[in-house]
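# Task: produce atomic coordinates for the following.
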Amino acid sequence: QVQLVESGGGLVQAGGSLRLSCTASGRTFSRYKMGWFRQVPGKEREFVAAISWSGGMTYYADSVKGRFTISRDNAKNTVYLQMNSLKPEDTAVYYCAADRSPLRVSLTPNEYDYWGQGTQVTVSS
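Residues are numbered from 1 along each chain as shown. Okay, here's the model as predicted:
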């Protein structure tokens, strides 16, 4: 069992930056692939970014590529999402998720096993 706690959300003006953190409980964090997803009311949860166990491989949605960076620190059981050049359309609740599967990194929400409670990111125009 893994518990995930996100932090770092808030209100920011367009063009600004935020860094989200997600800290996991337990001693097996390095065995999980990690992902960030986001959701706005009335829409499905969408993929934002994902990272492999070691951090050597990263994946991004086209909408955030070049603006967001996912990273992890396995010694701190934490995954980060650095968000730069934020746009109003980035406004959403952001969730981190952990995938214990030995398969390749997934971009699909239903393939993740554990989820955080979410943190609100609001970008004003």
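
# alpha carbons only for contacts and neighbour counts from here, please
Fine.

# Tabulate the CA atom coordinates of stretch 91-108 in CSV.
Written as CSV, here are the backbone C-alpha positions of stretch 91-108 (Å, rounded to 0.1, in the frame of the first residue of the first chain):
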residue,chain,number,x,y,z
THR,A,91,-6.2,25.3,-14.5
ALA,A,92,-7.3,22.0,-13.0
VAL,A,93,-6.9,19.7,-10.0
TYR,A,94,-3.6,17.9,-10.3
TYR,A,95,-3.1,14.4,-9.1
CYS,A,96,-0.1,12.3,-8.7
ALA,A,97,-0.3,8.5,-9.2
ALA,A,98,1.8,5.4,-8.7
ASP,A,99,2.0,2.4,-11.0
ARG,A,100,3.5,-0.8,-9.6
SER,A,101,3.3,-2.7,-12.9
PRO,A,102,6.6,-4.0,-14.3
LEU,A,103,5.5,-3.0,-17.8
ARG,A,104,6.4,0.2,-19.6
VAL,A,105,5.4,3.6,-18.3
SER,A,106,1.7,4.1,-18.8
LEU,A,107,-0.1,7.3,-19.9
THR,A,108,-3.5,5.9,-19.0
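
# In it, which residues are buried?
91-100, 105-107 (16 or more other C-alpha atoms under 10 Å).

# what mean pLDDT does that stretch have?
What stretch 91-108 shows for mean pLDDT is 93.

# Quick one: distance of it to the chain centre.
Centre-to-centre, stretch 91-108 and its host chain are 7 Å apart (C-alpha atoms, centre = their mean, to the nearest Å).

# residues making contact with that stretch?
Stretch 91-108 has contacts (C-alpha atoms under 8 Å, 6 or more residues apart in numbering) with 4, 6, 22, 31-40, 47, 49-52, 111-123.

# Do a quick rundown of the helices in the protein.
Per DSSP state H, the chain has no helices. Nothing in it meets that criterion.

# so where do the strands sit in it?
4-7, 10-13, 18-24, 33-39, 46-51, 58-60, 68-73, 78-83, 92-99, 114-115, 119-124 (DSSP state E).

# OK, contacts around Gly8?
18-21, 119.

# What backbone torsions are found at the spatially closest residue to Lys87 that is not a sequence neighbour?
Leaving aside its sequence neighbours, Lys87 sits nearest to Ala14 (C-alpha to C-alpha, 6 or more residues apart in numbering; 5.0 Å). Backbone torsions for Ala14, taken as degrees, to the nearest 10, come to phi -50, psi 140.
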